[in-house]
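Student: All I have is the shape, not the residue letters:
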């Protein structure tokens, strides 16, 4: 069944048992992103400790958006910024690739489970919600973008 | 249409015969027969409508209201003929009271802009003037299209926006009607049938109160005109807005009905060709309604399609359509009640309710519900349904909505219920 490709066990597991959910302090920047078509919401906090990224999040929404936020936590929290950026680029390429991108399992870990989402254009935004909020927060924490609510 | 409408005596629709008129109902989605439960979003189109539009382009295509040649004359007759049939369909005393717009949203904005324009021009009719101290009243169960235009109008004129609330049962809360609609109220605009709760609002108390204080009444009839008999001559409203694509017609065309004397007092909306009487370099004079409000080449083929949709619905009889949908809604309310963890928003009984049922499946996001249903060919809408304040009123950010029409069967409702069991398995 096609649906299994989208709702892989890994995704359902992250949805049921989100890793590291909850906002933490201190933080350098906070962003709040929402998907205006469905009302999904995510709040992301980022602290840049030297070159390390500290990421925390909270949100509500569909299984895809919430699982993606959880996978993101596993992949980037505590990682060097350069590595987090690499993972971010690979994930957005995978999810936006309409099923044509071969995922790098070593780099993306549980993120490879989102390969199926790429075939559902209506759900790509769900998968990217937390990831875009993170990108925005890093840019603010980094000083490349002025602070303030998103 | 009122909540007390008597459709019980209407004839039973021949649903299988009707279904054969809709080509799309023969297709499959993800390997399953299409179960289209999203008519409140946009309705499907019968062959008769598609054929009328095809015939128009194939045989009668020309621009309207400006051609002496044969096809232009035929197109003009078809365009104006559609207006006349639409006027008769809603009980308007004159076809000149029906203005073609792009959709309901544009129809509502047209009235809002009449207020704005009357405010900034010296010759603006005083009934349409609005300023600090004046109030516009809407309700909490409106579609965004009946909220945002009035917010903008109030912000731009200094008037105040007020609203009626919703009861826990999803009915319009009229307990403080007299405190909310007052001598300050200039316009009350509210939804006839809620696109998210399915509630059918009986306009009588609001109309009576608005009459006492001298306020205009506008009704968003986007969900009522397609589904039940409409008679604006007894409704009590001054304006109604509705759209073609929800009533078996094409997208790109809707209508504003307004009382003739009010339309005549309203300044133009969009400026351009067709809507003028005479143009000089310094200034122009304008055509009478409805032409005054129809600048540029209008949606001609769409009007023809809408006219065909009106013929199609008229032949079946709107009381019969309403009766069928009441039966399906009652069946669906009972069937959905058997699904564990399912919470229905809006009136719990079929009384005063149309064929729209929104619900929440405990712990499962509507996006996920809709995705699993789609995998089984069952098409529902998920999200906030352009009614975020209503969602917020019930403490959710989104809902799953099934909506019915003249072609909906009990078997399709069963497919929905079976699909929901599958949803619970996947996310259980």
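Tutor: Happy to help now that I have it. Quantities reported herein were computed from a predicted structural model and do not represent experimental measurements. Numbering: from 1, shown residues only, chains lettered A, B, ... in the order given.
Student: switch to C-alpha atoms for all contacts and neighbour counts from now on
Tutor: OK.
Student: Tell me, how many residues neighbour residue B:211?
Tutor: Residues within reach of residue B:211, counting by other C-alpha atoms under 10 Å in any protein chain shown, total 14.
Student: check contacts around the residue in the stretch 101-250 of chain B that chain A sits nearest to.
Tutor: At 12.7 Å from chain A, residue B:144 is the closest residue in the stretch 101-250 of chain B, using C-alpha to the nearest C-alpha. Applying C-alpha atoms under 8 Å, 6 or more residues apart in numbering or on different chains to residue B:144 gives the contacts B:386-388.
Student: repeat that with 6 Å
Tutor: B:386-387 (C-alpha atoms under 6 Å, 6 or more residues apart in numbering or on different chains).
Student: Give me the phi and psi for it.
Tutor: phi -50, psi -30 (degrees, to the nearest 10).
Student: State the distance from it to residue A:29.
Tutor: Distance of residue B:144 to residue A:29, computed by C-alpha to C-alpha, to the nearest Å: 32 Å.
Student: Just list what the helix ranked longest in chain A packs against, helices and strands only.
Tutor: If you go by DSSP state H, chain A has its longest helix at helix A:121-141. If you count contacts as 3 or more C-alpha pairs under 6 Å, 6 or more residues apart in numbering or on different chains; DSSP states H and E, helix A:121-141 packs onto strand A:29-35, helix A:63-76.
Student: For those, give me a markdown table that also has mean pLDDT, distance to chain B and mean neighbour count.
Tutor: Formatted as a markdown table, the helices and strands packed on helix A:121-141 follow (pLDDT from 0 to 100; distance: least, C-alpha to the nearest C-alpha, whole Å; neighbours: other C-alpha atoms under 10 Å in any protein chain shown):
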| stretch | mean pLDDT | distance to chain B | mean neighbour count |
| --- | --- | --- | --- |
| strand A:29-35 | 94 | 10 | 21 |
| helix A:63-76 | 95 | 7 | 25 |
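Student: low-confidence ranges in chain A?
Tutor: Residue ranges of chain A with pLDDT under 70: A:1, A:144-150.
Student: Which single residue in it comes nearest to chain B?
Tutor: The nearest approach of chain A to chain B comes at residue A:38, 4.2 Å away (C-alpha to the nearest C-alpha).
Student: and the longest helix of chain A, which residues are buried?
Tutor: For helix A:121-141, the neighbour count (16 or more other C-alpha atoms under 10 Å in any protein chain shown) marks A:123-141 as buried.
Student: relative to helix A:63-76, how tilted is the one helix or strand residue A:53 maps to?
Tutor: Using DSSP states H and E, residue A:53 falls within strand A:52-60. Between strand A:52-60 and helix A:63-76, the angle comes out at 160 degrees (axes from the mean of the first three to the mean of the last three C-alpha atoms, to 10 degrees).
Student: Identify the residues contacting strand A:52-60?
Tutor: Against strand A:52-60 from outside (C-alpha under 6 Å, 6+ apart): A:21-24, A:40-47, A:77-81.
Student: Show me the residues you listed that map onto strands.
Tutor: A:40-47 (DSSP state E).
Student: Let's have the residues you listed in TSV, adding distance to chain B.
Tutor: Compiled in TSV, these are given as follows (distance: C-alpha to the nearest C-alpha, whole Å):
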residue	distance to chain B
A:40	7
A:41	9
A:42	13
A:43	15
A:44	19
A:45	22
A:46	26
A:47	29
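Student: Minimum distance to chain A, which residue of the stretch 1-150 of chain B gives it?
Tutor: In the stretch 1-150 of chain B, the residue that lies nearest chain A is residue B:30 (8.5 Å; C-alpha to the nearest C-alpha).
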